[in-house]
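1. Fold the following and give me the result.
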Amino acid sequence: MRPRRVQRRRARFGRFVPTSQTCSYCDHVDGPKPLHIREWTCPACGALLDRDINSARNVKKAAGLAVSACGAPMATTSAARSSAQPAC
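-> Reported below is the predicted structural model:
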């Protein structure tokens with residue numbers, strides 16, 4: 001018996017998208033940081049961000065895979081995010 005093949009979605013986005021420099025909460029771009037900086041605070045919203053986790057959240061947003069806590073799809077633009085409510 002062969003294992004079932006898992007269906008995966010593959011999304012592409014630009015190689016130079018600044019995922020570790022952009023706040024995953026407010027979309028503020030803070031600029032390049034040296035690699036030894038692992039955590040940083042967003043100057044716009046004050047969120048404390050881990051570089052790797054923040055980057056992963058931004059990659060998910062860029063790929064359109066982000067979901068809310070209840071599983072509803074999230075808006076991927078800041079304008080849509082401010083006016084849209086998740087369908088929980």
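2. Without its sequence neighbours, what residue ends up closest to Ala44?
-> Nearest residue to Ala44, sequence neighbours excluded (Cβ to Cβ, 6 or more residues apart in numbering): His28, at 3.8 Å. The C-beta positions use only the backbone N, C-alpha and C, and glycine is treated the same way.
3. ok, that neighbour touching Pro18?
-> No - if you go by Cβ atoms under 8 Å, His28 and Pro18 don't touch, sitting 11.0 Å apart.
4. Could I get the average pLDDT for the helix or strand containing Ala56?
-> According to DSSP states H and E, Ala56 maps onto helix 51-63. Summarised as a single mean, pLDDT over helix 51-63 is 87.
5. Show me which positions of it end up buried.
-> 51, 54-55, 57-62 (16 or more other Cβ atoms under 10 Å).
6. I'd like to know which elements it is packed against.
-> Taking 3 or more Cβ pairs under 8 Å, 6 or more residues apart in numbering; DSSP states H and E as the contact definition, helix 51-63 has no neighbouring helices or strands.
7. then that helix to CSV, C-alphas only?
-> Output of helix 51-63 as CSV, limited to C-alpha atoms (Å, rounded to 0.1, in the frame of the first residue of the first chain):
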residue,chain,number,x,y,z
ARG,A,51,13.9,37.8,13.9
ASP,A,52,13.2,34.2,12.7
ILE,A,53,9.5,34.0,13.9
ASN,A,54,8.8,37.5,12.5
SER,A,55,10.3,36.5,9.2
ALA,A,56,8.2,33.2,9.1
ARG,A,57,5.0,35.2,9.8
ASN,A,58,5.9,37.6,6.9
VAL,A,59,6.6,34.8,4.5
LYS,A,60,3.2,33.2,5.4
LYS,A,61,1.5,36.6,4.7
ALA,A,62,3.3,37.0,1.5
ALA,A,63,2.3,33.6,0.4
